[in-house]
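Asker: Need a 3D model of the sequence below.
(2 chains, ligands or ions: 3)
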Amino acid sequence: MKAPPFGYVRANSMDHAFRLLAEYGEGSKVLAGGQSLLATLAFRLSEPSLLIDISRLSELAGITRQDDFVRVGAGTTHTMLGRDSLIQAHVPLLNDAVPYIAHTAIRNRGTIGGALAFADPAAELPACCVALDATIIAGSSRGERRIRASAFFVGLFVTALEPDEIIIAVEFPVVRTDERSVLMEIARRSGDYAMAGVALWARVDGLVLHAPRVVFFGVDDRPVLASGAGTALDGKRADAATVELAQTALDRDLDPPGDQHGGPALKRQLARTLLARAVAQILTQDKVARA
Amino acid sequence: MNTAIDIALTVNGETVARRVEARTHLIDFLRLDLGLMGSHAGCEHGVCGACTLRVDGVIVRGCLVLAASLDGAVVETIEGVSDSGEIRDLQDAFVARNAAQCGFCTPGMLMAAADLLAHARKPKRDEIREAISGNYCRCTGYQAIVDAVEAVAKARVFRG
Ligand SMILES: Cc1cc2nc3c(=O)[nH]c(=O)nc-3n(C[C@H](O)[C@H](O)[C@H](O)COP(=O)(O)OP(=O)(O)OC[C@H]3O[C@@H](n4cnc5c(N)ncnc54)[C@H](O)[C@@H]3O)c2cc1C
Ligand code: FES
Ligand code: FES
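Answerer: Numbering: from 1, shown residues only, chains lettered A, B, ... in the order given. Ligands and ions are numbered 1, 2, ... in the order given. Prediction:
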């Protein structure tokens, strides 16, 4: 199918983009990599009258370290994220997530800002942001504000962004030497959106996990922080009995609706399996490489 | 509001200046405006890979890029990399191994395979599978395609 007619303007500065968004309001949409937006337009799921191209804005580019944070510009493509040495050293979970996101040709254009704003419930990066307690920086002609990832994803394809706001960057805390993270998912075909997936972050001391953050994706309308499972794992030797308790807690943390992949029972089973695998992997992760 | 956009870009080494409708995808611009029918349009929403081609040196989905956004870009299609001889060995291997049947997926498959071979010196079979995992083939069952790409990778290493 083809998209209906619309207008196109390439923003030449952040202010230009803000002005256009404020002027055209809900009838306009920003265009980043276009890897989700152009597909939804072709299906006529949305019919904006104006696309504001932000893909060449230098204000949205770049990955920099600032004290205890790594700041990732919203225009960073998935490919760049997967290759960046600051990300590899300081936010390895993002680096691990990239191969799971679509395919090379799509990763070359799709951006982190676009993935977070699109907020697909089965997407990897939103879950990583929640697991890592990232902060999303949104701007508009009214100024900038900071939104914690846990408050950013509010429903199916719905975020806390106002219609005139653009994501400018995402800030991730730099991992400390005792911190580990793991991303896993189950998909029918490599690169497809996950049937279910998990991002796990924790401080690891021998066989004990501290303050773990277990975040599932593809099991609800947004990333789900499984706090019951996290509590069950916290501060205990992560042996088979502990994992089983965490899996039981998971049954209360999650309330998965069915989707095209299957019903709630399947989602629960996948989540239990992923939790056990993720805990096993985080315990054996190579410490030196991550330090 | 601008629904017609003027762009000037390089397509297979030649400068092209055109006025395009804002909603025109790169794949349709190439096929319908420029008559370059090599890249195919299948699903038109990013899933099948038939439209895979190069923009500014990296592979993209031709159906998920607006022509209007490409002012100043460098586009290379299957016609370009064929004429330049860049993928001659891959094309020969596809013929030799019967890696193309109806041929619908073949241009996109070749662009994806060429991209892999440009980045990985001696990819293993599972890496080849991963690299073409975004390209559907409804005919060959993929084995022959993986064989062809593997053969070229080995031959290129041998040639040095
Ligand atoms: C076949 C296929 C498979 C895919 N598989 C996966 C997958 O497995 N996992 C996954 O995570 N993704 C997947 N994707 C989606 C891909 O990751 C997209 O790149 C991403 O979801 C959107 O990024 P984009 O830059 O292309 O955004 P666009 O498509 O340009 O925009 C998406 C939405 O976000 C808005 N937007 C974009 N940037 C901003 C910003 N800075 N501030 C505010 N709003 C903004 C747009 O207005 C639009 O509403 C897949 C896509 C395809 C086509
Ligand atoms: S036509 Fe572009 S991916 Fe199918
Ligand atoms: S040869 Fe027919 S689709 Fe691949």
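
Asker: backbone phi and psi for the closest residue to residue A:112 other than its chain neighbours, please?
Answerer: In space, and not counting its chain neighbours, residue A:112 is closest to residue A:76: 5.1 Å by Cβ to Cβ, 6 or more residues apart in numbering or on different chains. Yep, even glycine has a C-beta here, placed from its N, CA and C like the rest. For residue A:76, the backbone dihedrals (degrees, to the nearest 10) come out as phi -60, psi 120.

Asker: For residue A:76, give me its contacts.
Answerer: A:61-63, A:84, A:111-113 (Cβ atoms under 8 Å, 6 or more residues apart in numbering or on different chains).

Asker: one more time with 10 Å
Answerer: A:60-63, A:84, A:87, A:94, A:111-113, A:169-170 (Cβ atoms under 10 Å, 6 or more residues apart in numbering or on different chains).

Asker: Filter those down to the buried ones.
Answerer: Among these, those classed as buried by 16 or more other Cβ atoms under 10 Å in any protein chain shown are A:60-61, A:63, A:84, A:87, A:94, A:111-113, A:169-170.

Asker: rewinding a little: which ones among the contacts of residue A:76 also lie next to ligand 1?
Answerer: A:111, A:113 (Cβ under 6 Å from any ligand atom).

Asker: List the ones among the contacts of residue A:76 that fall in helices.
Answerer: A:87, A:94, A:112-113 (DSSP state H).

Asker: Throw these into TSV and include distance to residue A:157, thanks.
Answerer: Below are the ones in helices among the contacts of residue A:76 laid out as TSV (distance: Cβ to Cβ, whole Å):
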residue	distance to residue A:157
A:87	26
A:94	22
A:112	17
A:113	15
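
Asker: possible to save those residues as JSON lines with pLDDT?
Answerer: Output for those, formatted as JSON lines (pLDDT from 0 to 100):
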{"residue": "A:87", "pLDDT": "98"}
{"residue": "A:94", "pLDDT": "98"}
{"residue": "A:112", "pLDDT": "98"}
{"residue": "A:113", "pLDDT": "98"}
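
Asker: any idea which of those is closest to residue A:14?
Answerer: The closest of the ones in helices among the contacts of residue A:76 to residue A:14 turns out to be residue A:113 (Cβ to Cβ; 12.5 Å).

Asker: Might one say that that closest one is in contact with residue A:167?
Answerer: Yes. Taking contacts as Cβ atoms under 10 Å, residue A:113 lies within contact range of residue A:167: 4.2 Å.

Asker: from the contacts of residue A:76, which is closest to residue A:285?
Answerer: residue A:94 (15.4 Å).

Asker: and for residue A:113 and residue A:167, which residues touch both?
Answerer: Joint contacts of residue A:113 and residue A:167 (Cβ under 10 Å, 6+ apart) are A:30, A:32, A:54, A:60, A:73-75, A:136, A:138.

Asker: now the strands: where do they sit in chain A?
Answerer: A:7-10, A:28-31, A:50-53, A:63-66, A:69-73, A:135-140, A:143-148, A:153-155, A:158-159, A:166-173, A:179-186, A:196-205, A:208-217, A:224-225 (DSSP state E).

Asker: Give the buried residues for the lowest-mean-pLDDT helix or strand in chain B.
Answerer: One helix or strand of chain B scores below all others by mean pLDDT, DSSP states H and E: helix B:143-159, with a mean of 95. Burial within helix B:143-159, assessed by neighbour count using 16+ other Cβ under 10 Å, is assigned to B:144-153.

Asker: Repeat that for stretch B:5-17.
Answerer: Quick answer for stretch B:5-17 (16+ other Cβ under 10 Å): B:5, B:7, B:9-12, B:16.

Asker: Let me have those residues in CSV, extended by distance to residue B:50, secondary structure and pLDDT.
Answerer: What follows is these, written out as CSV (distance: Cβ to Cβ, whole Å; DSSP: H, G, I helix; E, B strand; the rest coil; pLDDT from 0 to 100):
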residue, distance to residue B:50, secondary structure, pLDDT
B:5, 25, strand, 97
B:7, 24, strand, 98
B:9, 22, strand, 98
B:10, 23, strand, 98
B:11, 19, strand, 98
B:12, 19, coil, 98
B:16, 22, strand, 98
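
Asker: helix/strand/coil for the residue of chain B found nearest chain A?
Answerer: Taking Cβ to the nearest Cβ as the measure, the point where chain B comes nearest chain A is residue B:134, at 2.8 Å. At residue B:134, secondary structure determined by DSSP: H, G, I helix; E, B strand; the rest coil is coil.

Asker: how about the helices in chain B?
Answerer: B:26-28, B:78-83, B:88-96, B:106-119, B:125-131, B:143-159.

Asker: Would the second one count as contacting chain A?
Answerer: No. Judged by Cβ under 10 Å from any Cβ of the partner chain, helix B:78-83 and chain A are separated, with a smallest distance of 13.8 Å.

Asker: and the gap between residue A:262 and residue A:196?
Answerer: When distance is defined by Cβ to Cβ, to the nearest Å, residue A:262 is 10 Å away from residue A:196.

Asker: what do you get for residue B:70?
Answerer: 37 Å.

Asker: out of the two, which sits in the busier spot?
Answerer: residue A:196 (27 against 22; other Cβ atoms under 10 Å in any protein chain shown).

Asker: Give the full set of residues in contact with the more buried one.
Answerer: With Cβ under 10 Å, 6+ apart, residue A:196 has these contacts: A:122, A:184-187, A:216-219, A:254, A:256, A:259, A:261-262, A:266-274.

Asker: Number of residues surrounding residue 24?
Answerer: You didn't pick a chain, so chain A it is. 19.

Asker: switch to chain B, that's the one I care about
Answerer: If we define neighbours as other Cβ under 10 Å, then residue B:24 has 21 of them.

Asker: Please name the nearest non-neighbouring residue to it.
Answerer: Counting by Cβ to Cβ, 6+ apart, the residue nearest residue B:24 is residue B:67, at 4.8 Å.

Asker: Pretty sure that neighbour sits against residue B:8.
Answerer: No. Taking Cβ under 10 Å as the definition, residue B:67 is not a contact partner of residue B:8, at 11.5 Å.

Asker: Show me what from chain A comes close to ligand 1.
Answerer: Going by Cβ under 6 Å from any ligand atom, the residues of chain A near ligand 1 are A:29-37, A:39, A:74, A:101-102, A:106, A:110-111, A:113-115, A:117-118, A:120, A:123-125, A:161, A:166-167, A:192-193.

Asker: please redo it, this time with the cut-off set to 5 Å
Answerer: Neighbours of ligand 1 within chain A, by Cβ under 5 Å from any ligand atom: A:29-37, A:74, A:101-102, A:106, A:110-111, A:113-115, A:117-118, A:123, A:166-167, A:193.

Asker: What score does the residue in the stretch 151-291 of chain A positioned nearest to ligand 2 have for pLDDT?
Answerer: Ligand 2 sits closest to residue A:191 of the stretch 151-291 of chain A, with a gap of 11.9 Å, by Cβ to the nearest ligand atom. The per-residue pLDDT reported for residue A:191 equals 90.

Asker: Noted, bye for now.
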